[in-house]
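1. Mind folding the following:
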Amino acid sequence: MAKKSKKRWVARVNTESTFPPEGLFKKSAATIARTLASRKVSPKGPGSGMQMLTYFINRAGTGLTATRRKELEKAKELLHKRIERDKKAREAT
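-> Residues are numbered from 1 along each chain as shown. As a prediction, the model looks like this:
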């Protein structure tokens, strides 16, 4: 049997994307969603921003307060609506 690595897989994650501004995840849900949907932070579109947000929530784990987690989940909903709206707009053209 192979030895199990002592380090977590997230320690090896490398990203090609840009990074969200520092302190972004401490702001309101609307601000988080708007910033992560912008081309400056997510050059590949809002889907990339959704991945960053989900990654942050997963990494924070049990360290998030219930209030902060609720706000981040609200930001995910707003970002999801933005993705769906963009998708419908592309289909209409």
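
2. Low-confidence ranges, the chain, go.
-> 1-18 (pLDDT under 70).

3. 90 instead, please
-> For the chain, the stretches with pLDDT under 90 are 1-22, 39-45, 48, 52, 55, 58-63, 86-87, 90, 92-93.

4. Report the central residue of it.
-> For the chain, the residue nearest the mean C-alpha position is L53 (1.5 Å; Cα atoms, centre = their mean).

5. got a list of what it touches?
-> With contact set as Cβ atoms under 8 Å, 6 or more residues apart in numbering, L53 has these partners: 25, 32, 36, 72, 75-76, 79. Glycine gets a C-beta too; all of them are placed from N, C-alpha and C.

6. Take these and keep only those in strands.
-> Among the contacts of L53, no member falls in strands (DSSP state E).

7. can you put those in TSV and add distance to R85?
-> Below are those laid out as TSV (distance: Cβ to Cβ, whole Å):
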residue	distance to R85
F25	23
I32	17
L36	15
L72	20
A75	16
K76	15
L79	11
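
8. can you pick the most crowded of those?
-> Highest neighbour count within the contacts of L53, by other Cβ atoms under 10 Å: A75, with 27 neighbours.

9. before we move on, the earlier item: and which of the contacts of L53 is nearest G49?
-> Taking Cβ to Cβ as the measure, G49 sits nearest to L36 out of those, at 3.0 Å.

10. The nearest residue to that closest one once chain neighbours are set aside: what's it in contact with?
-> In this structure, L36 finds its nearest non-sequential neighbour in G49, 3.0 Å apart by Cβ to Cβ, 6 or more residues apart in numbering. Each residue near G49 by Cβ under 8 Å, 6+ apart is listed here: 33, 35-38, 41-42, 79.

11. what do you get if the cut-off is 10 Å, keeping everything else the same?
-> G49 is in contact with 17, 20, 32-38, 41-42, 75-76, 79, 82-83, counting by Cβ atoms under 10 Å, 6 or more residues apart in numbering.
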